[in-house]
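Student: My questions concern the predicted model and sequence given below.
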Amino acid sequence: MTSAEVTRRRAMGAGLGALAGALAGCSGASGPVPRLRLATGPEGGPYNAFGQALAQAVAASGHRIEIVPVSTAASVNNLRKLDDGSVELALAMADAAEDAVLGREPFPRPTPVTALARVYVNYTHLVVAADGPVRSVKDLAGRPVAAGAAGSGVQVVTERVLRAAGLSGVPAPAPVSTPAPTSTPATAADERPLGLAASVSALREGSVDALFWSGGVPTPALAALAREMPLRFLPLDDYVGPLRERYAPVYTAVTLPAGVYGLTEPVGTIGVGNYLMARADVPQDAVRDLLRVVFDRWRDLLREVTAGARLEPRFAISTGEVPLHPGAIAHYRSVYG
């Protein structure tokens, strides 16, 4: 463990009082059952589906914890709720989680949050009408684009792709190793803050020329849209390198496989991990019980959000700059050595 991680974890432990008091003795058979609120995402979305499935799995497990899913705008909103104590658990995309821990925009200061596991990978979708004018990211200049709901992880990755393409009117943050552009592009994309359902409706109706989405494969709403109208899924793999260089290695190259959404050939795109996260003051016993359920029932949980994924310990502990909760560390050590 690095000294920076030790410092962060000490800071995260500073607010133990309120939750520890509320859940005192919760691990004992005669104590109260810990009731942990889980910030998920909008109703009908994959985070919400995962949260509902996890709550049901925990309820059926016999472990003395209760998970209460809370509908939200997703990643950025979830991290803010963790910080202010209105939830104890949250789902968040890896890039937004690292931004929170490091105090990068849109977070004004480092946020003391921890990870329990990286649970699956989101695939970034850039979807346009097959007979429309957009054939590449550069074609989005001056055009209306559904950029993800305000406070969502989709909005974060959309903004970063558009910055990398020179199509964002938002100034870039200080880069990792390369100079950031200092001027606003002459013709930025017209970014519309729309969630998935509204994005699908807007593309269907022609009020936007493209939609960005980050989620599992296949995403049911997009699969349904592909059955209604011809779609084109644009490649984004050329942007993986620039995003990794400027922000972090949380971005990876992944492929939308042939067969999903009616694709006749694979489409390279950007992968971003999803973390199950917690406040540092969640009791360690509750975290260990929760992770036992996650690893016992991962097939059922991931079936709700993405096809063909697996959850393995080596994958789960890869949370980058986001420190693991002490209870998660204890779980992985006790089970996997």
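Tutor: That came through fine. Numbers count the residues shown, from 1 in each chain.
Student: Just list whatever residues bridge to the residue nearest the centre of the chain.
Tutor: Nearest residue to the geometric centre of the chain (C-alpha atoms, centre = their mean): Met93, 2.1 Å. On the basis of DSSP bridges, Met93 is bridged to Asn274.
Student: All the strands of the stretch 201-337 of the chain, in order from the start?
Tutor: Applying DSSP state E, counting those that start in this stretch to the stretch 201-337 of the chain gives strands spanning 210-215, 231-233, 251-256, 267-279.
Student: residue ranges of the helices in the stretch 201-337 of the chain, please?
Tutor: Counting by DSSP state H, counting those that start in this stretch, one finds helices in the stretch 201-337 of the chain at the ranges 220-228, 240-246, 284-296, 298-303, 313-316, 326-336.
Student: For the closest residue to Leu167 other than its chain neighbours, grab phi and psi.
Tutor: In this structure, Leu167 finds its nearest non-sequential neighbour in Ala189, 4.6 Å apart by C-beta to C-beta, 6 or more residues apart in numbering. In this view, the C-beta of every residue, glycine as well, is placed from N, C-alpha and C. Main-chain torsions, Ala189, degrees, to the nearest 10: phi -70, psi 150.
Student: Surely Ala189 and Arg163 touch.
Tutor: No: using C-beta atoms under 8 Å, Ala189 is not in contact with Arg163; the gap is 10.4 Å.
Student: if we can go back for a sec, okay, the strands of the stretch 201-337 of the chain, which one's buried deepest?
Tutor: With neighbours taken as mean count of other C-beta atoms under 10 Å, the strands of the stretch 201-337 of the chain reach their highest mean count in strand 210-215, at a mean of 26.
Student: partner strands of that one, parallel or antiparallel?
Tutor: Within its sheet, strand 210-215 is paired with strand 113-129 (antiparallel), strand 144-146 (parallel), according to DSSP bridges.
Student: From Phe50, how far out is the residue nearest to the centre of the chain?
Tutor: When distance is defined by C-beta to C-beta, to the nearest Å, Met93 is 13 Å away from Phe50.
Student: Could you do Leu91 as well?
Tutor: Per C-beta to C-beta, Leu91 is found 6 Å from Phe50.
Student: Name the residues contacting each of those two.
Tutor: Each of 40, 119 lies in contact with both Leu91 and Phe50 under the rule C-beta atoms under 8 Å, 6 or more residues apart in numbering.
Student: list the contacts for Ala96?
Tutor: 75-76, 79, 153, 156.
Student: Now it: closest residue in space, sequence neighbours ignored.
Tutor: Ser75 (4.1 Å).
Student: Next: Ala164.
Tutor: Ala164 sits nearest to Pro242 (C-beta to C-beta, 6+ apart), 4.5 Å away.
Student: hang on, isn't the one you found packed against Gly166?
Tutor: No: counting by C-beta under 8 Å, Pro242 does not reach Gly166; the two are 10.9 Å apart.
Student: Gly327 contacts Gln284, correct?
Tutor: Yes: at 3.4 Å, Gly327 and Gln284 qualify as touching, with contact defined as C-beta under 8 Å.
Student: So between these two, which is more surrounded?
Tutor: Counted by other C-beta atoms under 10 Å, Gly327 and Gln284 do not tie: Gly327 has more neighbours, with 22 against 15.
Student: show me the contacts for the more buried one.
Tutor: With the criterion set at C-beta under 8 Å, 6+ apart, Gly327 makes contact with 116, 282-288, 291.
Student: And Ser86, by the same measure?
Tutor: By C-beta under 8 Å, 6+ apart, the contact list for Ser86 reads Arg37.
Student: which element follows the helix or strand of the chain with the lowest mean pLDDT toward the C-terminus?
Tutor: Within the chain, no helix or strand scores below helix 17-22, which has a mean of 41 by mean pLDDT, DSSP states H and E. Downstream of helix 17-22, the first helix or strand assigned by DSSP states H and E is strand 35-39.
Student: name the helices or strands packed onto that next one?
Tutor: When contacts are defined as 3 or more C-beta pairs under 8 Å, 6 or more residues apart in numbering; DSSP states H and E, strand 35-39 packs onto helix 46-61, strand 66-70, helix 75-84, strand 89-93.
Student: Leu225: which of the ones you listed is closest?
Tutor: Among those, the nearest to Leu225 by C-beta to C-beta is helix 46-61 (15.5 Å).
Student: Now do that closest one: which elements does it pack against?
Tutor: Contacts defined by 3+ C-beta pairs under 8 Å, 6+ apart place helix 46-61 against strand 35-39, strand 66-70, strand 89-93, helix 284-296, helix 298-303.
Student: cutoff 6 Å now
Tutor: strand 66-70, helix 284-296 (3 or more C-beta pairs under 6 Å, 6 or more residues apart in numbering; DSSP states H and E).
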